[in-house]
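Colleague: Quick check, what structure comes out for this input:
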Amino acid sequence: MFITVDRGIKIAMDKLRAIRLFVRLADVGSFTKVAEQVGASKSMISKEIRRLEDELGVRLLHRSTRNIQLTHVGEGYLQRAREILSRLEDADHFVQQLQQKPRGKLKINAPMALGITDLAEMFADFMQAYPDIELDIHLGDESIDLVEQGFDLGFRASSEPFDSSYVGRALTEFNYRICASPEYLEHNPPIESASDLQQHNCFVYSYFKGKNTWPVEEGVAIQGQLKVNSTIFMMAAIRSGRGIGFIPDFVCNSAISRGEVIEILPNASKPRLTLYALYPARHFVPTKLVQCIDFLQQWFAAKYPQP
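Modeller: Predicted coordinates for the structure are as follows:
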């Protein structure tokens, strides 16, 4: 068994070496030059290429006394061989980078409320673990193009799957809560079902995709006197007794625990909110970014264990 495995590895390594020689030969156009570059004989290079052609069952090159020319099949094989070698170089580079302490700058975009709450704590821990990485963090809830704005990493929270040109890694999930202050509930009609919300002053978050419909039970149309692009601002208005908000739990949990606001309809059906780390798709992802995302996943898994 071991002999068979070893033989298979040797065959694969021999083929990879032949592919490297073929690509180099296509680049320089001369068996003699390739032989000089790799420190081998011209006949050995020729045998390697011939062995590759025999294995493939096709002619890759037209040979003459003065030059070589790729066949039609050879041109197609060359393109794919370059892609294979490029991916191997990326893999080697990735491993080499992991052996080094990550350093450099990470430019990060994150939602305002999450940045002020959980992410502030998380990145404080990250800076302690990776002191050689410099963070450039921009907080804002508006939708932006990460590539156009030069961001390495972005955070997006959504209750729906992302249709995105970025690579997305799910980090954790949050709940939505319907909140109002004890004062508001004391001076307004009782709320016993989702439809009762239509009689109340319900605040609207500007970037919420549902606009004036909250996804509670089958969905309920709401209206109110406040529309705002910050859930932190909205939370302050809720605490002051002015109205009701549909708020992610990372924004309202502390106010609920202190008794400043009360959760309404806690058992009503509501969507879950998934937090994603997004980064531009590319062959090689910098080590500092890999380390950051791995740290994020472990940190959120420890703070918010999923059932």
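Colleague: Below-threshold pLDDT in the stretch 151-300 of the chain: ranges please.
Modeller: 161-164, 282-284 (pLDDT under 70).
Colleague: Strands of that one, start to end?
Modeller: Assigned by DSSP state E, counting those that start in this stretch, the stretch 151-300 of the chain shows strands spanning 153-158, 166-180, 204-205, 213-214, 220-221, 227-228, 245-248, 262-264, 272-280.
Colleague: likewise the stretch 1-150 of the chain?
Modeller: 61-63, 68-70, 104-110, 133-139.
Colleague: what's the offset of the second one from the middle of its chain?
Modeller: Averaged C-alpha coordinates place strand 68-70 at 43 Å from its chain's average position (Cα atoms, centre = their mean, to the nearest Å).
Colleague: Adding distance to residue 93, mean neighbour count and mean pLDDT as columns, could you present the strands of the stretch 1-150 of the chain in CSV?
Modeller: Using the backbone N, CA and C atoms, a C-beta is placed for each residue, glycine as well. What follows is the strands of the stretch 1-150 of the chain, written out as CSV (distance: least, Cβ to Cβ, whole Å; neighbours: other Cβ atoms under 10 Å; pLDDT from 0 to 100):
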stretch, distance to residue 93, mean neighbour count, mean pLDDT
strand 61-63, 30, 15, 85
strand 68-70, 28, 16, 86
strand 104-110, 15, 19, 90
strand 133-139, 18, 15, 91
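Colleague: closest to residue 116 out of those strands?
Modeller: Each of the strands of the stretch 1-150 of the chain was scored for nearness to residue 116 using Cβ to Cβ, and the closest is strand 133-139 (7.2 Å).
Colleague: In JSON lines, list the strands of the stretch 1-150 of the chain along with distance to residue 266.
Modeller: JSON lines is the format used below for those (distance: least, Cβ to Cβ, whole Å):
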{"stretch": "strand 61-63", "distance to residue 266": "73"}
{"stretch": "strand 68-70", "distance to residue 266": "69"}
{"stretch": "strand 104-110", "distance to residue 266": "28"}
{"stretch": "strand 133-139", "distance to residue 266": "29"}
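Colleague: what's the closest of those to residue 302?
Modeller: It's strand 104-110; of the strands of the stretch 1-150 of the chain, that one is closest to residue 302 (Cβ to Cβ) at 19.2 Å.
Colleague: helices or strands next to the closest one in the packing?
Modeller: Packing contacts for strand 104-110, counted by 3 or more Cβ pairs under 8 Å, 6 or more residues apart in numbering; DSSP states H and E, involve strand 133-139, strand 153-158, helix 287-303.
Colleague: Would you confirm that residue 127 contacts residue 121?
Modeller: No. Residue 127 is not in contact with residue 121 according to Cβ atoms under 8 Å; the separation is 11.2 Å.
Colleague: Helices along this structure, start to end?
Modeller: Shown for the chain, the helices assigned by DSSP state H span residues 2-28, 31-38, 42-56, 72-98, 112-116, 118-129, 182-186, 231-239, 249-257, 287-303.
Colleague: could you redo the ones you listed as JSON lines and give each row distance to residue 192 and mean neighbour count?
Modeller: Below are these laid out as JSON lines (distance: least, Cβ to Cβ, whole Å; neighbours: other Cβ atoms under 10 Å):
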{"stretch": "helix 2-28", "distance to residue 192": "69", "mean neighbour count": "14"}
{"stretch": "helix 31-38", "distance to residue 192": "81", "mean neighbour count": "16"}
{"stretch": "helix 42-56", "distance to residue 192": "74", "mean neighbour count": "16"}
{"stretch": "helix 72-98", "distance to residue 192": "56", "mean neighbour count": "13"}
{"stretch": "helix 112-116", "distance to residue 192": "29", "mean neighbour count": "20"}
{"stretch": "helix 118-129", "distance to residue 192": "33", "mean neighbour count": "14"}
{"stretch": "helix 182-186", "distance to residue 192": "12", "mean neighbour count": "14"}
{"stretch": "helix 231-239", "distance to residue 192": "20", "mean neighbour count": "20"}
{"stretch": "helix 249-257", "distance to residue 192": "20", "mean neighbour count": "18"}
{"stretch": "helix 287-303", "distance to residue 192": "34", "mean neighbour count": "16"}
